[in-house]
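Peer 1: Pasted the sequence and its predicted model underneath.
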Amino acid sequence: MAIIKARPFDFDLDRDHAALIIIDMQRDFVEPGGFGETLGNKVALLQAIIPATARLLAAFRAAGLPVIHTRECHRPDLSDCPPAKRERGKPSLRIGDPGPMGRILISGEPGADIIPELYPVEGEIVLDKPGKGAFYATPLGEILAERKIRQLVFAGVTTEVCVQTTMREANDRGFECLLATDATESYFPEFKKAAIDMITAQGAIVGWAASVDQIVEALD
Ligand code: TIU
């Protein structure tokens with residue numbers, strides 16, 4: 001066990017049963033012309049976390065711990081995209097429409113891929129997910145059970161949407177969840193703060209939160 005100084009209290013990292021899960025660090029959310037921008041967001045805000053996320057990823061790789069990358073995207077025929085999701089609001093482009101990085105949020109298109117700075121290496125798990133949560137309609141639960149993973153360290157975007165949804169799904173399934181606070185970001189800074197507060201309140205009702213430095217130190 002390695003102790004990580006975390007909110008609201010120390011997190012005992014069990015290296016034999018822990019994995020890093022990086023949520024949706026895709027060009028579609030981080031670069032201009034993708035899904036995030038079509039929804040009216042300033043995507044540059046998210047780019048600030050790339051260096052800290054890369055440090056966290058490097059530390060997990062160096063420690064030989066499992067790494068999971070997720071990508072929110074849909075099949076080219078949109079059969080896994082509910083109309084309620086595609087038709088929501090007034091985006092400048094809808095899921096499946098052609099954009100500057102290929103069709104918006106479609107599997108196999110350049111925009112749906114993970115940004116080069118955090119690109120998966122051989123042996124890492126890459127999971128495509130149609131929902132905000134990474135457990136919904138994916139084999140994530142089975143993959144974690146097979147590998148006897150019981151703790152998940154979370155990074156990625158956006159804090160209050162796909163990261164928090166997946167943390168809540170994981171928490172309900174009995175995983176201990178730790179959020180890396182400077183390796184996650186929202187298009188709305190006040191939502192990031194509120195999400196971290198909600199997660200850690202009431203004695204870690206959803207999970208813990210710690211900085212990348214605190215996590216990396218424990219992995220050394
Ligand atoms: N819009 C937004 O904040 N997020 C998403 O649509 N997906 C993820 O968080 N990955």
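Peer 2: In hand now; what should we look at?
Peer 1: C-alpha only now, for contacts and for neighbours.
Peer 2: Noted.
Peer 1: And the helix or strand harbouring N171, what does it pack against?
Peer 2: N171 is part of helix 164-172, with elements assigned from DSSP states H and E. Helices and strands touching helix 164-172, by 3 or more C-alpha pairs under 8 Å, 6 or more residues apart in numbering; DSSP states H and E, are strand 176-185.
Peer 1: Go again with 10 Å.
Peer 2: strand 18-23, strand 151-157, strand 176-185, helix 189-204 (3 or more C-alpha pairs under 10 Å, 6 or more residues apart in numbering; DSSP states H and E).
Peer 1: And these: which comes nearest V121?
Peer 2: With C-alpha to C-alpha, the closest approach to V121 among the helices and strands packed on helix 164-172 belongs to strand 18-23: 13.2 Å.
Peer 1: Alpha carbons only: can I get the helix holding N171 in CSV?
Peer 2: Presented in CSV, the C-alpha positions along helix 164-172 are these (Å, rounded to 0.1, in the frame of the first residue of the first chain):
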residue,chain,number,x,y,z
GLN,A,164,-18.0,12.3,-12.9
THR,A,165,-20.5,10.0,-14.6
THR,A,166,-18.0,7.2,-14.9
MET,A,167,-16.8,7.7,-11.3
ARG,A,168,-20.3,7.4,-10.1
GLU,A,169,-20.8,4.2,-12.1
ALA,A,170,-17.6,2.8,-10.7
ASN,A,171,-18.4,3.8,-7.1
ASP,A,172,-21.8,2.0,-7.3
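Peer 1: Now do the helices in the protein.
Peer 2: Counting by DSSP state H, the segments of the chain that form helices are 27-30, 35-38, 44-47, 50-63, 83-86, 140-146, 164-172, 189-204, 212-219.
Peer 1: Near the ligand, which residues of the chain? Just list them.
Peer 2: D24, G36, K132, V157, T158, V161, C162 (C-alpha under 6 Å from any ligand atom).
Peer 1: By neighbours, which of those residues wins?
Peer 2: For these, the largest number of neighbours (other C-alpha atoms under 10 Å) sits with D24, at 29 neighbours.
Peer 1: what residues are up against that one?
Peer 2: Each residue near D24 by C-alpha atoms under 10 Å, 6 or more residues apart in numbering is listed here: 30, 69-73, 112-115, 127-129, 132, 134, 155-158, 162-163.
Peer 1: Find the residue closest to it in space, skipping its chain neighbours.
Peer 2: Of all residues not flanking D24 in the chain, R71 sits nearest, at 4.6 Å (C-alpha to C-alpha, 6 or more residues apart in numbering).
Peer 1: tell me the contacts of the residue nearest in space to the middle of the chain?
Peer 2: In the chain, the centroid-proximal residue (C-alpha atoms, centre = their mean) is I23; its distance is 1.6 Å. For I23, the contact set (C-alpha under 10 Å, 6+ apart) comprises 68-72, 114, 127, 132-134, 154-159, 162-164, 166, 184.
Peer 1: switch the cut-off to 8 Å
Peer 2: By C-alpha atoms under 8 Å, 6 or more residues apart in numbering, the contact list for I23 reads H69, T70, R71, F154, A155, G156, V157, C162, V163.
Peer 1: Provide the partner residues of it in its beta bridges.
Peer 2: T70, G156 (DSSP bridges).
Peer 1: count of residues packed around R61?
Peer 2: 15.
Peer 1: any idea how far the ligand is from the nearest residue to it once chain neighbours are set aside?
Peer 2: Spatial nearest neighbour of R61, excluding adjacent residues (C-alpha to C-alpha, 6+ apart): V67 at 7.6 Å. Distance, V67 to the ligand, by C-alpha to the nearest ligand atom, to the nearest Å: 17 Å.
Peer 1: Thanks a lot, catch you later.
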